[in-house]
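J.: build me a model from this:
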Amino acid sequence: GPLAAPSRKRALSGSSEQGNREAGAGWRGDGLPVIDIGPFLRPPRVPEGADLDAAKRATARELEVACTECGFFYVHNHGADAALCTEAHEMAKRFFALPESAKLRAGIAADSDVGRGYQPVGKNVTQGKPDMHEALDLMVEHEKEAAE
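T.: Now for the predicted structure:
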């Protein structure tokens with residue numbers, strides 16, 4: 001399921017059922033969007049007989065809407081181990097409970113183009129306005145996959 005989703009969560013387009021994934025369905029402002037990313041996994045995690053290309057297009061549209069209209073989303077059907085997700089959440093809770101001075105030691109360097117590390121409240125800017133959240137951006141780099 002989605003990672004630490006609040007009880008009032010709802011899917012961006014209702015649910016991952018094909019009938020609720022019409023083009024143009026969008027976030028309606030009630031809780032955070034929950035997006036099924038299964039169509040983009042290898043192998044894809046979609047219902048048997050599903051149109052994979054249509055599922056990918058629907059997921060891409062949901063991601064676009066979530067990022068442009070809400071700014072946040074949960075992922076569902078990601079295939080990550082539940083115990084690993086729980087451990088990551090516990091580590092995040094511990095990190096964000098640290099004093100600001102400790103978190104800033106993991107901050108994004110002003111001269112860095114990497115874009116990874118801690119960002120205090122107001123550091124991120126969206127549409128010219130400071131975002132009122134703190135963040136820790138992480139990434140694992142993988143070698144590029146061979147072209148198919």
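J.: ok, which stretches of this structure are strands?
T.: 10-11, 33-36, 74-76, 117-119, 125-126, 129-130, 135-137 (DSSP state E).
J.: okay if I get those strands as CSV plus mean neighbour count and distance to residue 52?
T.: (Each C-beta comes from the backbone N, C-alpha and C, glycine too.) As requested, the strands of the chain are exported to CSV (neighbours: other Cβ atoms under 10 Å; distance: least, Cβ to Cβ, whole Å):
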stretch, mean neighbour count, distance to residue 52
strand 10-11, 18, 19
strand 33-36, 25, 13
strand 74-76, 20, 17
strand 117-119, 19, 36
strand 125-126, 9, 32
strand 129-130, 10, 38
strand 135-137, 14, 30
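J.: kindly reformat the ones you listed as CSV containing mean pLDDT.
T.: Compiled in CSV, the strands of the chain are given as follows (pLDDT from 0 to 100):
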stretch, mean pLDDT
strand 10-11, 36
strand 33-36, 94
strand 74-76, 91
strand 117-119, 90
strand 125-126, 82
strand 129-130, 90
strand 135-137, 88
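J.: need these in a markdown table (columns: distance to residue 54).
T.: As requested, these are exported to a markdown table (distance: least, Cβ to Cβ, whole Å):
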| stretch | distance to residue 54 |
| --- | --- |
| strand 10-11 | 17 |
| strand 33-36 | 13 |
| strand 74-76 | 18 |
| strand 117-119 | 36 |
| strand 125-126 | 30 |
| strand 129-130 | 36 |
| strand 135-137 | 32 |
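J.: residue 60 is nearest to which of those?
T.: strand 33-36 (9.9 Å; Cβ to Cβ).
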